[in-house]
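Asker: quick one: sequence and predicted model below, then my questions.
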Amino acid sequence: MASNWLRDPSFLNGASPALSFKDTLSRASSSSVHILDLQISSHRRLPTLLISEEEISSLAVPFEFALVDKFPDKRPSIDDIRKFFFILKLIGDCSVTVLNHRNVLLKLVNNFDYCRIFFHRSYFVNNCYMKVVKWSPYFNVEVDSPVVPIWISFPFLRPHLFTLRILVVLGSLFGRTLKSDTANVYGSHPSVARILVEFDITKKFPDKIWVGSPNFVYISR
């Protein structure tokens, strides 16, 4: 696990850096304890910095609610994009930064705004088409992300299983759970439960699952 002083606070959380770049380098070089899962190596005859999967996951934590806005034809100015999200009246802060001439990074701070923006998938900003895709530590601006928000239905789920903590785990069988259908809470459609999940369309999933205790399970299709 990385030490906090090696994080970049000004970009990750908006705070002022506690150490200058020079001080950080000095502190890193004087440290006798290996605290990062990093390794200098070579790959295909090129110098390489190898970073462990655990370290990559740790570094990606501040970007839990990050999305990428892709403009396949023309990208409006960054100020116009920021104004667009301001007009949406999000409940939390957001930052918009340029990735390249066709893509910008939208960094949100809560799941509500994240679900709201991601679920709509596309918008028009100053008459420019904008497609919203999921960011990940392995995101490549040249390749479309296969992860999309999809409603998963569980027909004939027993009414006592409509509790949110059960539905969240059911949704996690297919991907990261984003939200529950309001009808689940009020029981207005007791014949089916629905959960919005981040669904990887490149993977295959079963069309039915077993639900219940070890002594009594039934199939939800």
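Answerer: Cool, the structure landed. This one's a predicted model, so the numbers in the text were calculated from it and none came from an experiment.
Asker: now stretch 72-91: buried residues?
Answerer: 75-76, 81-82, 84-85, 90 (16 or more other C-beta atoms under 10 Å). Just so you know, the C-beta spots here come from the backbone N, C-alpha and C atoms, and that holds for glycine as well.
Asker: average pLDDT across it?
Answerer: For stretch 72-91, the mean per-residue pLDDT is 94.
Asker: and for stretch 103-110?
Answerer: In this model, stretch 103-110 has an average pLDDT of 94.
Asker: quick one: that stretch to chain centroid distance?
Answerer: Its chain's C-alpha centre and that of stretch 103-110 lie 9 Å apart, by C-alpha atoms, centre = their mean, to the nearest Å.
Asker: go through it and flag the buried ones.
Answerer: Buried, per 16+ other C-beta under 10 Å, within stretch 103-110: 103-109.
Asker: and those, which is closest to H120?
Answerer: Closest approach to H120 among these (C-beta to C-beta): L106, at 12.6 Å.
Asker: quick one: residues contacting the closest residue to the closest one other than its chain neighbours.
Answerer: Among residues not flanking L106 along the chain, L67 sits closest, at 4.6 Å (C-beta to C-beta, 6 or more residues apart in numbering). For L67, the contacting residues are 105-106, 108, 114, 117-118, 132-135, by C-beta atoms under 8 Å, 6 or more residues apart in numbering.
Asker: hang on, the earlier thing: reformat the buried residues of stretch 72-91 as a markdown table; add distance to D200 and secondary structure.
Answerer: As requested, these are exported to a markdown table (distance: C-beta to C-beta, whole Å; DSSP: H, G, I helix; E, B strand; the rest coil):
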| residue | distance to D200 | secondary structure |
| --- | --- | --- |
| R75 | 27 | coil |
| P76 | 30 | coil |
| I81 | 27 | helix |
| R82 | 30 | helix |
| F84 | 28 | helix |
| F85 | 26 | helix |
| L90 | 26 | coil |
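Asker: domains of this protein?
Answerer: Per the record, the chain has its domains at 4-60, 64-134, 147-220, by automatic domain parsing.
Asker: so which of those gets nearest V141?
Answerer: Of all the domains of the chain, the one in closest proximity to V141, counting by C-beta to C-beta, is domain 64-134 (4.8 Å).
Asker: any chance of JSON lines for the buried residues of stretch 103-110, columns distance to L46 and secondary structure?
Answerer: What follows is the buried residues of stretch 103-110, written out as JSON lines (distance: C-beta to C-beta, whole Å; three-state DSSP):
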{"residue": "N103", "distance to L46": "25", "secondary structure": "strand"}
{"residue": "V104", "distance to L46": "29", "secondary structure": "strand"}
{"residue": "L105", "distance to L46": "26", "secondary structure": "strand"}
{"residue": "L106", "distance to L46": "32", "secondary structure": "strand"}
{"residue": "K107", "distance to L46": "30", "secondary structure": "strand"}
{"residue": "L108", "distance to L46": "35", "secondary structure": "strand"}
{"residue": "V109", "distance to L46": "37", "secondary structure": "coil"}
